[in-house]
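[1] The following comprises the amino acid sequence and a computationally predicted model.
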Amino acid sequence: ANVRAIMVKILVYGDVHGNLEALFTKVGKQNAKAGPFDMLICVGDFLGDGTGVQKWLQGEAKAPIPTYVCTTLSPDGEAGGGAGSVAPDTAKVLLEALGTRDVLYLGERGVSQLSGLTIAHLAIADHSKMSEVLRMARGDSMTSTFPGVDILLTPNWPQNILYLVPKEQRPSERIHPRAYGGSKVYAKLAFELKPRYHFSGAGGAYFARPAYRNGGDDSGVRSSSGSLIGFVGYEAGKTAGTKTPGTHVTRFIGLGALGTPAKHVFAGALDPLDQMAAAALFAVPDDATPCPYADLDYRGAEGAHKRSSSVNTLRFSAGRGGARKRQRRDGERGGFRPKPQPIGEDQCWFCVRSPLCKKHLIVGIGDESYLTFPRGGITSDHVLIVPIEHLHNFAALEDDARVEIVRVKDAVKKTFAAQGCKAVFVYRNIERSSKHHIFIDAIPVPEDRAENVREHFEREAGRLGHKFEERSSDQTNDSYLRVELPNGTDIVLFPHGKRLDINFPRDVMCDVLGCGERRNWKNCALDEEGEAALTEQFRKQFSAFDPYAEDDDE
C-alpha cells in the first residue's frame, strides 16, 4: 500500500546576530509569499550583543511563525554559534523573554517532535551531553535498528565535513575560522544519529554539501535506469515502517549569516522519516559520497569542549587531507635522525588540534598555515611558519598552501625590515618521516650581518663533509636542508645518507648572530607567561602586514 507522507514546510536561518527585526520582517514576507510554513529554525549565533533583541522586545510584535532556536550560551561560543558578547545569565533572561513571543530556545541538548519531524540538537560540543542526545534519540533501540532522525542542529560545523568534497564544490565564501576545523563531537553525533538533514551556522558561508551515504557501498539496489536507490539489505517494494535502518543519505547544509551576501536561509518541505516510502527515503543522488566521518578517529572527543575553549579565537582544522591515508615511501633513509615510529596527529607538537600544541605561542592562523613561536627561539623574533595539514615533506604541499605561505613569508620579511633586519628561512625535509611535521624557521638577521649568512653555512657544512648546492628542492621527497638567504637565493644541502645533526642550522645561525650561548633551546625557554607576552608583542608588530587579517576582511 502507498503511504502518504505529511509534508512539513520549514525555514532554517543561520547566524542572526540579534537582528530580530530584520529576521522576522523577512520571514513574514516569505511566509506570505510561499507559506504557510510550519516553523522557523535558527541555528548559530542568535542573540549577537543583545542590543537588537532588547530593541525588538520593547515592541509588542511576536514571531510570525513558531520559531525554535539552537544557540550556544557561552560568550563568543566555545566553538562558534554562541551568544555573541552576551553573558550567559543575560542570554538566558533574553531567551526566556523571547519565549513569550513564540520564540523557543531549545536548550543545550535534546530531541523534539515538532510538526511530526524528529529534531535532535546539541548546542555545545560536550561529549557527555552528546551521549545524552544519543540516548534520547535511540530510546530502547539498539544501534543496528535505529532508523535515524529527520534533522540534526549544531551551532558549529562537524569536523571533516569538507572531506571527499571536490574543491570546486566547496564554499565560494570564506569559511569562518571557528567553523573550518569543525567539532569532532558534532561529527560523531552526526555519524551516530544519521540525520536526513544536518543544519549548522557559525560558518559565515553557505555550503550545501553533496549528500553522503550512511551505510553500505555502491553495491546497493538500483532502479531499472541504473540509479542507486538503496544499499545491501534494502528490499524493493517495502513501504514506510519496514525500512532497513541507517541506509538513507544525509544532506549537510551550512548557512551564512543574516545581513551578509552569503546565503543564510533554507526553505523546504520535508516528509517525516517514519512516514516516507522506502523508494524515496533510500534514493541516492549520483554525486553522493561515502560518509566523511567513517574513518575519523574519535579518541579525544570527550575532552574536545575543554580543549577548544582555550583557542576559541584561532582558526584550526585537520587540513584537507586530515583523513587521507598517505603511503610512506620506500628507499634509503636520509641522515637527519634515526627512523622514527609513526605517530598520530593527536601526538604531534605542530598539529593545532593536538593537545600537545602550545597555542599560546600562535601569532596568527589561516586556512592553510599558521605563524607561531618556537620554544626557546634564537632571538625574540624567531618564528615558525607551519602548514596546518600534517605533512612530512614540502613536495606534498598543495597549491593553496604554497600561495598562503608565500604571503606569510612576505609579511614576516616586512616585519623584520621594520626592525632593520633581513629574513633567513630554513626548511628541513626529512624523507619517510611520519613523525615529522614540516615547518619553516624564520630568523631575523641585522642588515650588517646578512651578507655573511651564506659563508657561515657553507663553511660549517664543509667542515662536516657536506656541500650546499644552488638547485630546486620543491618537488623532491629526499631529505634535505634548504636555506633561503636574505637576498632571496636558495642553497640546498642533501645529506645523501650521511648524518647531519638536526641542530646544524641553529648552530650556524647562532654563530652568525654571535649568540653561541643560545645553541641549546632549553637554555632559552621562558615560562608560559613570558612566552605569551613575547607572542603578543610580536603580534602587534606583525599586525600591520598580517595576511591572515586581510583574509578576514574579504
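    Noted; the coordinates are in hand. The model shown is predicted, which means the values in this text are computed figures rather than measured ones.
[2] which stretches of the stretch 301-450 of the chain form strands?
    Counting by DSSP state E, counting those that start in this stretch, the stretch 301-450 of the chain has strands at residues 362-365, 369-372, 383-387, 421-429, 440-446.
[3] which other helices and strands contact the second one?
    Packed against strand 369-372, as judged by 3 or more CB pairs under 8 Å, 6 or more residues apart in numbering; DSSP states H and E, are the following elements: strand 362-365, strand 383-387, helix 399-417. Yep, even glycine has a C-beta here, placed from its N, CA and C like the rest.
[4] Quick one: closest of those to residue 456.
    helix 399-417 (18.2 Å; CB to CB).
[5] what does that closest one contact?
    Contacts to helix 399-417, defined as CB atoms under 8 Å, 6 or more residues apart in numbering, come from residues 366-369, 371, 381, 383, 385, 387-389, 397, 422-423, 425, 440, 442, 444, 538, 541-542, 544-548.
[6] got it, and stretch 88-106?
    47, 50, 53-54, 57, 61-63, 65-71, 73-75, 83, 86, 112, 121, 123, 153.
[7] Pull that stretch out as CSV, backbone CA atoms only.
    Extracted in CSV, the C-alpha atoms of stretch 88-106 (Å, rounded to 0.1, in the frame of the first residue of the first chain):
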residue,chain,number,x,y,z
PRO,A,88,25.3,33.5,29.8
ASP,A,89,23.0,34.8,32.5
THR,A,90,21.8,37.7,30.4
ALA,A,91,21.4,35.4,27.4
LYS,A,92,19.1,33.2,29.5
VAL,A,93,17.0,36.2,30.5
LEU,A,94,16.6,37.3,26.9
LEU,A,95,15.7,33.9,25.7
GLU,A,96,13.1,33.5,28.5
ALA,A,97,11.5,36.8,27.4
LEU,A,98,11.5,35.7,23.8
GLY,A,99,9.6,32.6,24.9
THR,A,100,6.6,34.7,25.4
ARG,A,101,6.8,35.9,21.8
ASP,A,102,6.6,32.5,20.1
VAL,A,103,10.5,32.2,20.1
LEU,A,104,11.5,29.0,21.9
TYR,A,105,15.1,28.3,23.0
LEU,A,106,15.6,24.5,22.6
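[8] most tightly surrounded among the strands of the stretch 301-450 of the chain?
    With neighbours taken as mean count of other CB atoms under 10 Å, the strands of the stretch 301-450 of the chain reach their highest mean count in strand 369-372, at a mean of 27.
[9] Only the buried residues of stretch 491-507, if you could.
    By 16 or more other CB atoms under 10 Å, the buried positions in stretch 491-507 come out as 491, 492, 493, 494, 495, 500, 504, 505, 506.
[10] what's the farthest-apart pair in those?
    494 and 506 (19.4 Å).
[11] Would you mind listing where the stretch 351-500 of the chain has pLDDT under the threshold?
    Applying pLDDT under 70 to the stretch 351-500 of the chain flags residues 431-435, 472-477.
[12] Where do the strands of the stretch 151-300 of the chain begin and end?
    In the stretch 151-300 of the chain, the segments counted as strands under DSSP E, counting those that start in this stretch are 151-154, 197-200, 207-208, 212-213, 221-222, 228-230, 249-254, 265-270.
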